[in-house]
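1. Sequence below, structure please.
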Amino acid sequence: MKVNNTRTMVLGLLMVASMVIAGCGGGGGSAVPFIAASTVSGTAAAGSAMIGQVSLVDVKGALAPGSPQQLDANGGFAFNVLGMTPPFILKAEGMVGGTSLTLGTVGGASMTLFSVAMGAGTANINPMSNIAVAAAAGVNDPAVVFNNPVVNAPKITQASLNTAVANMQSLMTNVLSPYGAGSTNPVTGGYIANHTGLDAAFDVAGMNLDTGTGTVTVVDKTRGPTGTTLGTATLTQMMGTTPPAAVAPVSNATLPTDLQGISSMLSQMATVLNKGASLTTIDLNPFFAQDPGFGINGGQTRTQLMTTIQTTTPALLGQRAITRITNVAFNGNAQSGYRIMFAFRFTDGSLAMANTTLSDETVVMKNAATTAWQFTGNGKHSQMLNTMENQQWQTAAGPQTTAGLFFGMLDFGQVLKSATATGPGLSSPVSFGKDSTNTAFVLTTPSSLPSMGNQLLPMADTTIAAIPDNARYTFSFYSSLPPRNNPMETRIMTFAKRCFTRTEAPANSGLFPMVTPSGNLMTHTFSTMMGNMMGGMMGRIMSMPFTYAAPAGLPSGSPVAAMGAGFSITGTNTGFSNATAQGLPLTGSSSTMTMQGPVSQPTTGTGALDVHATDIFGRDAGTAWMFQ
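-> A predicted model of the protein is given here:
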């Protein structure tokens with residue numbers, strides 16, 4: 001059965017763009033919005049600037065005005081603490097790329113980090129500040145300090161904080177010193193997410209705190225495909241009179257310099273992509289490694305990938321332009337270079353992230369002859385556009401909702417035959433075959449849904465609620481049908497956050513976007529819609545005008561990052577089938593989609609006008625207006 005699903009098409013548009021637009025800091029500049037005598041400000045980052053929100057609470061348990069506030073493009077924030085009582089405890093939560101949690105996988109990490117300010121001034125939030133809060137307060141989990149500041153915040157004194165920071169600097173001296181950050185205070189020091197100084201150290205090393213045992217593990221992110229442990233220490237050692245033993249240096253101390261060069265190249269690429277409809281493959285050519293070295297990328301050759309980018313970029317941009325390039329990060333070594341992650345921002349305020357559930361693995365390499373950084377193939381046959389999904393359908397009988405995993409897996413090279421998926425919430429391996437085009441993977445046992453049933457797997461609310469943050473799923477792709485031999489390709493995908501349960505996202509709630517066809521197309525009857533849209537004109541371009549609105553009721557920590565729309569038609573009595581997709585401005589309220597019409601009017605079939613919104617964690621919420 002052919003998958004005529006516009007959700008995969010829209011995600012594909014976002015994926016293609018996010019594969020080729022990146023950078024860091026949008027041209028530089030301070031990550032601190034402003035500094036005043038009554039202000040606590042800083043930068044939240046861990047391998048890249050955090051995308052999310054930050055809150056501040058004082059020792060009396062009072063939240064700062066504006067808590068939580070959204071972090072800016074550099075991870076910067078500022079709170080007015082006039083009239084509040086220190087010490088202040090800060091909590092940043094959101095999406096972070098390039099952490100040791102995601103090395104070698106597709107996906108970004110959901111992370112919560114803490115820091116402390118003994119008064120007005122700078123209080124950065126990063127893995128070292130996170131450990132400092134726990135150590136200085138004498139607890140294993142810094143969250144208990146934020147959650148109960150009246151009891152725990154007074155335990156943090158300037159002396160205890162100084163001891164924790166000094167011992168961490170001793171532990172990390174071989175990691176910090178190559179970047180001139182050996183004496184930089186991770187809490188109060190100057191810090192910009194630009195691959196220099198302290199930020200360079202977080203590019204190459206991770207510091208993970210086990211909140212059960214109080215053990216700190218330092219990870220060399222630059223060694224091997226998934227990193228290696230450099231050493232460990234305990235929170236007790238962080239407060240000792242004798243500093244813990246220093247961990248070894250990282251394997252590739254030049255990585256931050258490489259990331260600076262990669263960022264420069266990718267910023268140039270953003271300018272090229274802003275050509276939109278005038279973009280050509282000649283424009284793209286300098287940014288891609290030449291064959292035969294390029295290989296394949298998600299099953300596409302170099303030429304195929306550039307052509308796809310050239311043809312889909314206008315639909316992605318629409319009336320928008322790329323304005324800011326942020327969050328470039330290293331996500332592991334590849335055979336021919338580096339895996340990277342990044343985000344880019346549009347004039348409407350929308351954000352598209354790479355190497356999350358919106359996209360697939362992106363690899364760059366340095367051209368040995370020119371020393372220029374270029375994109376190269378990731379060597380994968382599969383392309384994964386999977387998401388945690390909440391879906392709503394508007395039908396003549398009323399709204400219907402479901403929640404679960406959407407599997408948007410593609411095989412452009414048509415060399416794979418079947419696949420399986422395992423992971424949290426999947427009691428047994430989920431099995432996939434291929435659709436009639438031999439390109440898209442579909443569920444072997446489809447779900448009974450108004451649309452998307454071949455790719456959307458509903459899950460029970462109790463199952464969804466038990467899925468942890470940063471859940472990992474393993475996808476095995478085979479070159480044969482069952483019974484299968486060893487997989488041809490195995491990939492791991494990290495989902496930063498689970499989808500919402502049906503109780504959390506009931507029908508017509510603010511967690512879903514709104515969509516309504518305009519004029520005489522506002523019907524749920526397929527034949528009426530087709531007749532009105534075609535107007536008796538056969539084989540012409542058809543238009544579907546509609547109004548839409550972004551979800552208004554998402555939790556404050558998961559704002560809408562991007563929106564898209566898709567329109568599909570399948571006529572059962574004529575065999576006509578077509579679909580189209582486009583990006584939508586967050587600030588818009590109406591749009592029109594067009595597609596080539598049939599030479600004879602279908603009178604029976606189904607159609608779906610689907611608008612979906614993606615939050616910063618890569619979760620999708622969609623509403624489909626059904627024509628049946």
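
2. host element of Tyr473?
-> strand 471-478 (DSSP states H and E).

3. other SSEs contacting that strand?
-> Packed against strand 471-478 by the contact rule (3 or more Cβ pairs under 8 Å, 6 or more residues apart in numbering; DSSP states H and E) you find strand 418-422, strand 489-495. C-betas here are computed from N, CA, C, even on glycine.

4. Quick check: next helix or strand after the shortest one?
-> Stepping forward along the backbone from strand 418-422, the first helix or strand reached (DSSP H and E) is strand 430-434.

5. Roughly how far does the residue lying closest to Thr173 once chain neighbours are set aside sit from Ser100?
-> When the adjacent residues along the chain are set aside, Thr173 lies closest to Ala246, with 5.0 Å between them (Cβ to Cβ, 6 or more residues apart in numbering). When distance is defined by Cβ to Cβ, to the nearest Å, Ala246 is 19 Å away from Ser100.

6. Looking at these two, which is more packed in?
-> In this comparison of Ala246 against Ser100, neighbours counted by other Cβ atoms under 10 Å, the higher total goes to Ser100 at 23 against 19.

7. residues touching the nearest residue to the more buried one once chain neighbours are set aside, list them.
-> Computed as Cβ to Cβ, 6+ apart, the closest residue to Ser100 that is not its neighbour in sequence is Gly206, at 3.3 Å. With contacts defined as Cβ atoms under 8 Å, 6 or more residues apart in numbering, Gly206 is in contact with Ala46, Gly47, Thr99, Ser100, Leu101, Pro127, Val218, Val219, Lys221, Gly227.

8. Now the strand or helix carrying Gly206: buried residues?
-> Assessed by DSSP H and E, Gly206 sits inside strand 205-210. The neighbour-count criterion (16 or more other Cβ atoms under 10 Å) identifies Ala205, Gly206, Met207, Asn208, Leu209 as the buried residues of strand 205-210.

9. Now do the helices in the stretch 251-400 of the chain.
-> Applying DSSP state H, counting those that start in this stretch to the stretch 251-400 of the chain gives helices spanning 255-273, 281-284, 302-317.

10. Show me what the last one is packed against.
-> So the one you mean is helix 302-317. With contacts defined as 3+ Cβ pairs under 8 Å, 6+ apart, the packing partners of helix 302-317 are helix 6-20, helix 255-273, helix 281-284, strand 577-584.

11. closest to Met84 out of the helices and strands packed on strand 471-478?
-> Shortest distance between Met84 and the helices and strands packed on strand 471-478, using Cβ to Cβ, is found for strand 489-495: 36.8 Å.

12. How far off centre is that closest one?
-> Centre-to-centre, strand 489-495 and its host chain are 14 Å apart (Cα atoms, centre = their mean, to the nearest Å).

13. Do I have it right that the residue nearest to Thr173 meets Leu171?
-> Yes: between Ala246 and Leu171 a contact is recorded at 6.2 Å, counting by Cβ atoms under 8 Å.

14. what sits in contact with each of those two?
-> Gly231.

15. What score does the residue of the chain most remote from its centre have for pLDDT?
-> Relative to the C-alpha centroid of the chain, counting by Cα atoms, centre = their mean, Gly536 is the outermost residue, at 44.3 Å. With respect to pLDDT, Gly536 scores 72.

16. likewise Asn355?
-> At Asn355, the model reports a pLDDT of 52.

17. Same question for Asn485.
-> Among the per-residue scores, Asn485 shows a pLDDT of 77.

18. show me the contacts for the nearest residue to it once chain neighbours are set aside.
-> Of all residues not flanking Asn485 in the chain, Tyr478 sits nearest, at 7.2 Å (Cβ to Cβ, 6+ apart). Residues touching Tyr478, when contacts are defined by Cβ under 8 Å, 6+ apart, comprise Leu416, Lys417, Ser418, Ala419, Thr420, Arg484, Asn485, Pro487, Met488.

19. Verify the stated contact: Cys213 with Asp141.
-> Small correction: residue 213 is Thr, not Cys. No: here Thr213 does not reach Asp141: they are 10.6 Å apart, not a contact under Cβ under 8 Å.

20. of these two, who's got more company?
-> Asp141 (17 against 10).

21. Just give the nearest non-adjacent residue to that one, would you?
-> Take Asp141 and drop its neighbours on the chain: the residue closest to it by Cβ to Cβ, 6+ apart is Thr211, 3.8 Å away.

22. Contacts only, for the one you found.
-> With contacts defined as Cβ under 8 Å, 6+ apart, Thr211 is in contact with Ala134, Asn140, Asp141, Pro142, Ala143.

23. Show me which pair in the residues you listed is furthest apart.
-> Within the contacts of Thr211, two members stand farthest from each other by Cβ to Cβ: Asn140 and Ala143, at 9.9 Å.

24. for the stretch 101-250 of the chain, what spans make up the strands?
-> Remark: strands of the stretch 101-250 of the chain, listed N- to C-terminal, are 109-117, 121-122, 205-210, 215-220, 228-234; assignment by DSSP state E, counting those that start in this stretch.

25. next one: the shortest one to chain centre, how far?
-> Same thing as strand 121-122. Taking the mean of its C-alpha atoms, strand 121-122 sits 30 Å from the chain's own mean (Cα atoms, centre = their mean).

26. and it, which strands flank it?
-> Strand 121-122 has the following sheet partners, assigned by DSSP bridges: strand 39-43 (parallel).
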